[in-house]
Every structure is written in C-alpha cells, then in structure tokens.
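Colleague: here's a sequence, model it:
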Amino acid sequence: CTLALLVHTLPRLCNGVQQPVKLRKLNGGEAVVGDLGERVTQEQLVDQAHTGLFHLLSGLGQDPVLSPRLEFVCTVLEESVLAGREQSRQLLSPLPPTLLMQLVKVQPKRFSMELVLRLFDTNSSSGRKNMARILCLMRNIQAGKEGLEGETG
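Modeller: Numbering: from 1, shown residues only. Predicted structure coming up:
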C-alpha cells in the first residue's frame, strides 16, 4: 500500500506544476527556481548542472601555481577524453578555452598534442580556432624554454 502510494504520488509531487523546481548552482549556492507555470525537465536540470560544473572547474583552475585543485581539474579533463570521441565531445562542450589556456601555462608538459586535439570539437570552427590557440600557446612555451636553455647552456 505504501509502495503504491509512493510510486503514484511521488512523481506527481516532484514533477507537478504546483511545485517549483530548485537546483543549486555550483557557484555561490544560489537557487534556480522554475516559475510555477513552467515545467523544468530533467534534461534542462542536467544541462544546467553540467554547465555549472565547468563554471566551478574554471574557478578551481585559475590557480597560478600547481596545486591539488589544479591537478583535479586536469584529471577531470583527461578522464573526459578517455570516455571516447562522441562522449568526450558532449562532456567537454561547456569547456571554456580560457581554463585550458591557464592549465597549459601552469603545466605545459601535462598536455600532449594528442590530448589537446581530443579536447575540442574539430567539426566546429570555434573548436578548431580554440584548439589552434592552445597549440600555439604550447609551441610558444616550448620555444621560450628552448631559448632559455640555449642562453644558459
């Protein structure tokens, strides 16, 4: 009896228009509330959380020095690439290029050319442009280090 009540009543209470849907943003703990007449779907909530996750990762990735936070962000990106081409494209779609630029500046040896090629959607012009920017940054960092080694050697 109780199980039947839960099965029929719980979805109506959770998904009904009479209840506002709240989602905690990952930045600042602000609540996103749907209007009473608006139905917020699960897909919309997941999209908001997905975007919020990358907003949070951007905040964590702004450390100018190597730290456990930076290591965590790098690992999330690497693991996303390992998920496969289509899944990684979906997982990394909200990745801000500025986050990756900061990570490459702090840890240039951490990111191989192959990894950078997989981080961006090469089917879109913005993906190709962002990928080229990162690759140029990596080249410039490497050229700068080689120049310094030549002067001291």
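Colleague: check contacts around the residue most central in space within the chain.
Modeller: What sits nearest the mean C-alpha location of the chain, by C-alpha atoms, centre = their mean, is residue 54, with 3.3 Å. Residues in contact with residue 54 (C-beta atoms under 8 Å, 6 or more residues apart in numbering) are 94-96, 99. In short, each C-beta sits where N, CA and C put it, glycine included.
Colleague: and residue 100, by the same measure?
Modeller: Each residue near residue 100 by C-beta under 8 Å, 6+ apart is listed here: 77, 111, 116, 119, 130, 134.
Colleague: could you list the buried residues of the helix or strand harbouring residue 47?
Modeller: Using DSSP states H and E, residue 47 sits in helix 42-60. Residues of helix 42-60 classed as buried: 52, 54-55, 57-58 (neighbour count, 16 or more other C-beta atoms under 10 Å).
Colleague: again, but for stretch 136-153
Modeller: Neighbour-count burial for stretch 136-153, counted by 16+ other C-beta under 10 Å, picks out 137-138.
Colleague: which residues in this protein form strands?
Modeller: 22-24, 31-33 (DSSP state E).
Colleague: mean confidence score for stretch 79-86?
Modeller: Averaging pLDDT along stretch 79-86 yields 90.
Colleague: same question, stretch 108-124
Modeller: Average pLDDT, stretch 108-124: 91.
Colleague: also stretch 49-67?
Modeller: Averaging pLDDT along stretch 49-67 gives 91.
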